[in-house]
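**Q** Could you look at this predicted model? Sequence included:
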Amino acid sequence: MPFAFLKHVRRFPWVTNVTLYGCLFAGGDLVHQWFSSREQMDWRQTRNVAVVAFSFHGNFNFFWMRLLERRFPGNSAGMVMKKLFLDQTAAAPLATSVFYTGVSFLEGKEDILEDWREKFLNTYKTGLMFWPFMQFLNFALVPLYVRTAFTGCCAFIWATFLCFSRQTGDGTAGAALAWIKIFFLFYRKYYNFISLTTSRQRLK
């Protein structure tokens, strides 16, 4: 299976990378909604996230990775650090801005910059605790033809945080960690309740 995937990526690099990136990014929204224990999934929200991911993030990342590699070829320490610096100072702010404004636009908000003004800076600072480490591995170890796919795997986690930040968070890591803690407490109580109910039924 992995060999078939790699063969497909080599043959159709753009389609495979962008599709995988978009699906994983949209999957992050689904995970966020599931974590939030919603009674009904908001498929319109997931659609909006998917549209932004497919139309911009996946395509931008695909060509951005190639531009960086063309300008700074190889994986020497110096080249990796140059690519990493540009990625975090140019691409990261742009990608975050497009997410907040793009989803707000698709939702039909009157002020599409509202979420961006309130949460961009916190989100960007939180991203600096996650993306530099992921992209360092990407630039240093991952072949160019699957770098967007690797970024998409990392973006699955990041998209979950972004969707939480848009709905109830403020873009800070502390808010996200508090939310995750609450979820796991809820999940543990729910698991204990199910286990207790099952045990009682067996005793009858």
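**A** Structure received. Since we're looking at a predicted model, the values are computed, not measured.

**Q** Cys154 - how many residues pack around it?
**A** 17 (other CB atoms under 10 Å). Quick note: C-beta positions are derived from backbone N, CA and C, even for glycine.

**Q** wait, what's in contact with the closest residue to Thr16 other than its chain neighbours?
**A** Using CB to CB, 6 or more residues apart in numbering and skipping residues adjacent in sequence, the residue nearest Thr16 is Val9, 4.7 Å away. Residues counted as contacts of Val9 (CB atoms under 8 Å, 6 or more residues apart in numbering) are Thr16, Asn17, Tyr145, Val146, Ala149.

**Q** lowest-confidence helix or strand of this protein?
**A** helix 173-203 (a mean of 63; mean pLDDT, DSSP states H and E).

**Q** May I see the buried residues of the helix or strand harbouring Trp34?
**A** Using DSSP states H and E, Trp34 falls within helix 13-35. Of all the residues in helix 13-35, those buried under the rule 16 or more other CB atoms under 10 Å are 13, 16-18, 20-22, 24-30, 32-33, 35.

**Q** what helices or strands is it leaning on?
**A** With contacts taken as 3 or more CB pairs under 8 Å, 6 or more residues apart in numbering; DSSP states H and E, helix 13-35 sits against helix 2-11, helix 43-52, helix 58-71, helix 147-167, helix 173-203.

**Q** let's go with 7 Å and repeat that
**A** helix 2-11, helix 43-52, helix 58-71, helix 147-167 (3 or more CB pairs under 7 Å, 6 or more residues apart in numbering; DSSP states H and E).

**Q** Hmm, Val103 and Asn48 touching each other?
**A** Yes. With contact defined as CB atoms under 7 Å, Asn48 reaches Val103; the gap is 5.1 Å.

**Q** what about the protein, any weak spots by pLDDT?
**A** Residues of the chain meeting the criterion pLDDT under 70: 1-6, 8, 37-38, 168-204.

**Q** Recalculate using a threshold of 80.
**A** Counting by pLDDT under 80, the chain contains low-confidence ranges at 1-11, 32, 35-39, 164-204.

**Q** Deepest in the core, which of the helices and strands packed on helix 13-35 is it.
**A** helix 147-167 (a mean of 22; mean count of other CB atoms under 10 Å).

**Q** which residues touch the nearest residue to Thr160 once chain neighbours are set aside?
**A** Closest residue to Thr160 apart from its sequence neighbours, by CB to CB, 6+ apart: Gly28 at 4.2 Å. Residues near Gly28 by CB atoms under 7 Å, 6 or more residues apart in numbering: Ala155, Phe156, Trp158, Ala159, Thr160, Cys163.
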